[in-house]
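Engineer: I'll drop the sequence and a predicted model, then ask my questions.
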Amino acid sequence: MLFICLGCLQISRAQFQFFSESRKIGISFGEGQQNRFPYQNDNYRFEHQHLKLAFNQVFYKSAHFELELQIEPVYYWSKHQLLNKYFIQPQHFTDYESLREKYTQERKFNSYAVNFGVILRHYVSQFYSLYALASVGPMYSDAGTERVKNGFTFTDILGFGSSLHLYRFQIDLRLYAKHDSNANLKTPNHGHNSVVVETGVLYRL
């Protein structure tokens, strides 16, 4: 999607560079749930909250558009509960009865991630902008579920947001879809899905 937008803008290579005056740092808070459109899987409940740091660098500017690289270390605290015990099948797990008992209880766990992404921003005015974002990164979780084994996984994010620009400050509100899985490196790998609402503030250095 980003590459199509860039092609429509007819951007020349000479316009891509790092702008020293357009580095940003920030912090944000958000919450996500599986029980939101378009996911709403009846087999499980998955909710999380997170605290995130942001390091952004603008590398393209035009009159109304910007492209930013972003690096975001994130701490998640999550709740999970299996709602349909028959999701765990005997042919897949020899100890399926004990796993059903274990995962149908609400469980809490922590995850630590670093997201690497790109933001395409459109300035509606000097003080307001809209943007699309996409990111991916590694994540470590200290407990597993019937859907994803504990340890290292990957988190993918795709969404959009808006920003209010006041002097050097940027107030953000964004909505995005998030998917966590381990790229079939381990089983199980059904993944956790959530739709996330996030707000934060950045400061332009």
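Structural biologist: Structure's in. What do you need?
Engineer: all the strands of this structure, residue numbers only.
Structural biologist: 23-33, 44-61, 65-82, 107-123, 128-141, 151-166, 169-181, 192-204 (DSSP state E).
Engineer: can you redo those strands as a markdown table with distance to residue 97 and mean neighbour count?
Structural biologist: Just so you know, the C-beta spots here come from the backbone N, C-alpha and C atoms, and that holds for glycine as well. Shown next, in a markdown table, are the strands of the chain (distance: least, CB to CB, whole Å; neighbours: other CB atoms under 10 Å):
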| stretch | distance to residue 97 | mean neighbour count |
| --- | --- | --- |
| strand 23-33 | 29 | 17 |
| strand 44-61 | 18 | 18 |
| strand 65-82 | 13 | 18 |
| strand 107-123 | 17 | 17 |
| strand 128-141 | 24 | 17 |
| strand 151-166 | 24 | 17 |
| strand 169-181 | 26 | 18 |
| strand 192-204 | 23 | 18 |
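Engineer: show me the contacts for residue 175.
Structural biologist: Shown in contact with residue 175 (CB atoms under 8 Å, 6 or more residues apart in numbering): 159, 160, 161, 195, 196, 197, 198.
Engineer: quick revisit: adding distance to residue 90, write the strands of the chain out as JSON lines.
Structural biologist: As requested, the strands of the chain are exported to JSON lines (distance: least, CB to CB, whole Å):
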{"stretch": "strand 23-33", "distance to residue 90": "30"}
{"stretch": "strand 44-61", "distance to residue 90": "19"}
{"stretch": "strand 65-82", "distance to residue 90": "15"}
{"stretch": "strand 107-123", "distance to residue 90": "22"}
{"stretch": "strand 128-141", "distance to residue 90": "26"}
{"stretch": "strand 151-166", "distance to residue 90": "25"}
{"stretch": "strand 169-181", "distance to residue 90": "24"}
{"stretch": "strand 192-204", "distance to residue 90": "23"}
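Engineer: centre-most residue in the chain?
Structural biologist: residue 157 (3.9 Å; CA atoms, centre = their mean).
Engineer: if we can go back for a sec, nearest to residue 99, out of the strands of the chain?
Structural biologist: Distance to residue 99, taken as CB to CB, is lowest for strand 65-82 among the strands of the chain, at 8.7 Å.
Engineer: surely residue 119 is in contact with residue 67?
Structural biologist: Yes. Applying CB atoms under 8 Å, one finds residue 119 in contact with residue 67, separated by 7.2 Å.
Engineer: for the spatially most distant residue from the centre of the chain, give me phi and psi.
Structural biologist: Within the chain, the residue lying farthest from the chain centre (CA atoms, centre = their mean) is residue 94, at 34.1 Å. Main-chain torsions, residue 94, degrees, to the nearest 10: phi -70, psi -30.
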